[in-house]
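Asks: how would this look folded up:
(chains A and B)
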Amino acid sequence: GENVEQHPSTLSVQEGDSAVIKCTYSDSASNYFPWYKQELGKRPQLIIDIRSNVGEKKDQRIAVTLNKTAKHFSLHITETQPEDSAVYFCAASISSASKIIFGSGTRLSIRP
Amino acid sequence: NAGVTQTPKFQVLKTGQSMTLQCAQDMNHNSMYWYRQDPGMGLRLIYYSASEGTTDKGEVPNGYNVSRLNKREFSLRLESAAPSQTSVYFCASGQTGDQETQYFGPGTRLLVL
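Replies: Numbers count the residues shown, from 1 in each chain, chains lettered A, B, ... in the order given. Sure thing, here's the model as predicted:
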């Protein structure tokens, strides 16, 4: 079955700098890759997603890139702000399947 | 449009007690899910239901049962709670077969003493 690995597990960056979180997946049939943000004590919420027919997607300060050949996808946050501090989860799924597989999460801390 | 709702928000049980966690969604989604999240850990799938009338085991189903009552509601039951089941439980829903995004409920914090 699908396996998603996520790195790093913790990340600390200076406010204003960029943060990058990387994930790899095992099943080449996976074609949907969402990213979730979970603030302390809150539910996971979708922040951006990418489908396999696209190599990159941007939404303001957040971008996701996908390399299907290497089975890698990454989350890029630019000009980080204190409110970006949270745990971020990547995930992968196959459109014909009924479930998505989550990575183990990255705890991002923004230093003032 | 409330999205995904869960009850209760918080519960304390003694070892051996039973309880049912309730989940409902008003987004007309086909699929519903139950996850547990232990402190500092990721999301582990307990059970899911791809459509009304079907349920399947996830990664950690032991000690749990589920019921897909109708399209809107998906409940999780602990028949005999154990301290190892202390966790935060999230329900989620999504649309099967459409490269689905999952939408999460606010969670239920369960403490088993």
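Asks: Please make it C-alpha for all contacts and neighbour counts, starting now.
Replies: Will do.
Asks: List the contacts of residue 29.
Replies: The chain I'm using is chain A. residue A:94 (Cα atoms under 8 Å, 6 or more residues apart in numbering or on different chains).
Asks: wrong one, chain B
Replies: Each residue near residue B:29 by Cα under 8 Å, 6+ apart is listed here: B:71-72, B:93-96.
Asks: Surely it forms part of a strand?
Replies: No: counting by DSSP: H, G, I helix; E, B strand; the rest coil, residue B:29 is located in no strand; its state is coil.
Asks: re earlier: of the contacts of residue B:29, closest to residue B:58?
Replies: For the contacts of residue B:29, the residue nearest residue B:58 by Cα to Cα is residue B:93; the value is 14.7 Å.
Asks: List the strands paired with the helix or strand hosting that closest one, with their directions.
Replies: Take DSSP states H and E as the rule and residue B:93 turns out to sit in strand B:87-94. Next to strand B:87-94 in the sheet, as set by DSSP bridges, lie strand B:31-37 (antiparallel), strand B:103-104 (antiparallel), strand B:108-112 (antiparallel).
Asks: beta partners for residue B:4?
Replies: residue B:25.
Asks: Surely it is in contact with residue B:24?
Replies: Yes: with contact defined as Cα atoms under 8 Å, residue B:4 counts as touching residue B:24 (5.7 Å).
Asks: What residues does chain A have near chain B?
Replies: Taking Cα under 8 Å from any Cα of the partner chain as the contact definition, chain A meets chain B at A:31-32, A:34, A:42-46, A:89, A:93-99, A:102-105.
Asks: Now intersect those residues with the helices, please.
Replies: Among the residues of chain A next to chain B, no member falls in helices (criterion: DSSP state H).
Asks: Buried ones among those?
Replies: Among the residues of chain A next to chain B, the ones that count as buried by 16 or more other Cα atoms under 10 Å in any protein chain shown are A:31-32, A:34, A:43-46, A:89, A:93-95, A:98-99, A:102-105.
Asks: Please flag which of the residues you listed sit within strands.
Replies: A:32, A:34, A:45-46, A:89, A:93, A:102 (DSSP state E).
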